[in-house]
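> What follows is a predicted protein model with its sequence.
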Amino acid sequence: MLVVSSVIIVCGLLYSLILGDAIRFLDEKHYLSIAQSLVNSLEFSEFGQPTAFHPLGYPLMLAIFLKLGANIFFLRLLNFIFLAACAYLLYLILLKRANLVYGAVIAPFLVLCYPVLFYTAGTLYPQMVSSALFLFILLQLTNPEQRQFFLNGTLTGLLILIVPSFLGYVPIIAGLPILFGKKPFTAKIILFLLGVILVVGCWTLRNYIVFNRFVLLSTNMGMTILLGNSENAAPNIGMSTDISKYFNEVEERRLDEVDADRYYRSKAVEWILNHPGRVTSLYFQKFLNYFNFYNELTTSEVEATWKNVVMFFTYYPLLLLMLIRIALFQKFPMTKIELTFIVIYFFSAFMNAFFLARIRYRLSFDFLMIGVAGAFLGQILKAWIGNGKETGMSRDNNGGKSK
């Protein structure tokens, strides 16, 4: 829907002008620092030291545009362009893969009605880039005539280097040709996986050469697991979890980035093995918390009550529509694309519960929820219009008989 995409870009332009060069979050500074290092010295480093704390994907994209002369304003605007692309891709998926004409038109407008996407696009975070790439891959792999499986594998590898958690979704993405494609399946899946392995493998090889140790994607996985699985972890505090004693231990032992990651991971595994009951309870709570409208933030100054109110009244109506859609699957037969969206969305809740709660981590999958909600509203609208036409025709027929 080009109208919606245009509105997003225009509003994003104005919002970017208002924000100016303001950098509000620590991760934004990290991404920019690494990107600047790539521009200045072609080194993936921070503070003069090689790093793999963040994977290659997003800093590399920022570096390319910085090299071309982009400033903070343009980098921010770029996120809104990707958000506009997400709305349009959602439209294309529903239209071309399920012939849900009404739903395809409604879904992009629901994107406009979900302001957390707009807010996140105003930050130098990779969520809009990864969402657009994810939806593009879904558009391609749900095409029965798709033949570029190796290319889509490389794009999926790039997606993983932007947001590493997508590695866990490779089995589902690789299985899409079975649901949507034509035989033979095996060759298609192998080509797809080779593309993924090629891209991810190059980054892993770089890490081994630089650190002389195996680092698959990044060195922040251990900390992420520990934040969600330790004695002070709770369902909704996320990055606010107190793991200071582990930080202190790392400093005392003077562990480097790789060894610190291994230390955090070992401590998380140790706690999980020693507290199975607490782990099970915490996991279930984190699974439910995935559907929360609010997370506690470490950057308290950016919190505001009105933001939570807006999130509550925009997220839950969409979630409720998706749940009603699932409940009414017999009355409204479910298309393959709707089923795919629903399975991936709830699988993301299952995956996220292993780590820590962050609404930001859910946003790429919220587009799938929006797609299901839009498709459902479209089916209701179509049924209502159809009933209206039938009623009109019935009245005409009755009128004719009376004559």
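Looks like it arrived, so ask away. Residues are numbered from 1 along each chain as shown.
> Please count neighbours and contacts with C-alpha atoms only from this point.
OK.
> Could you confirm residue 372 falls within a strand?
No. Counting by DSSP: H, G, I helix; E, B strand; the rest coil, residue 372 falls outside a strand, being helix.
> ok, now which ones touch it?
Residue 372 is in contact with 321, 322, 325, 338, 341, 342, counting by C-alpha atoms under 8 Å, 6 or more residues apart in numbering.
> now do residue 246
In this structure, residue 246 makes contact with residue 264, judged by C-alpha under 8 Å, 6+ apart.
> Quickly find the element holding it.
Assigned by DSSP states H and E, residue 246 belongs to helix 244-253.
> Show me what counts as buried in the next helix or strand after that helix.
Next along the chain after helix 244-253, taking DSSP H and E as the criterion, comes helix 257-274. Under the neighbour-count criterion of 16 or more other C-alpha atoms under 10 Å, helix 257-274 has 257-258, 260-265, 267-269, 271-272 buried.
> From the contact counts, what lies against helix 257-274?
Under the contact criterion of 3 or more C-alpha pairs under 8 Å, 6 or more residues apart in numbering; DSSP states H and E, helix 257-274 touches helix 221-228, helix 244-253.
> Residue 153: which element?
Here residue 153, judged by DSSP H and E, is contained in helix 149-162.
> Could you list the buried residues of the next helix or strand along the chain from that helix?
Helices and strands here follow DSSP H and E; after helix 149-162, the next one along the chain is helix 170-180. Neighbour counts using 16+ other C-alpha under 10 Å place 170, 173, 174, 175, 176, 177, 178, 180 of helix 170-180 among the buried residues.
> Ok, stretch 353-372 next?
For stretch 353-372, burial by neighbour count (16+ other C-alpha under 10 Å) applies to 353-359, 361-372.
> And this protein, what are its domain boundaries?
Following automatic domain parsing, one gets these domains for the chain: 128-215, 219-284.
> hmm, back to that, tell me the angle the helix holding residue 153 makes with helix 170-180.
Between helix 149-162 and helix 170-180, the angle comes out at 150 degrees (axes from the mean of the first three to the mean of the last three C-alpha atoms, to 10 degrees).
> which outside residues touch helix 149-162?
Here helix 149-162 makes contact (C-alpha under 8 Å, 6+ apart) with 55-58, 126, 130, 133-134, 137, 140-141, 166-167, 170, 188-189, 191-200, 217.
> at 6 Å instead, please
55-58, 166-167, 191-193, 195-196, 199-200 (C-alpha atoms under 6 Å, 6 or more residues apart in numbering).
> Tell me which two of those sit farthest apart.
Greatest spatial distance among these (C-alpha to C-alpha): 58 and 191, at 24.9 Å.
> I am finished for the moment; much appreciated.
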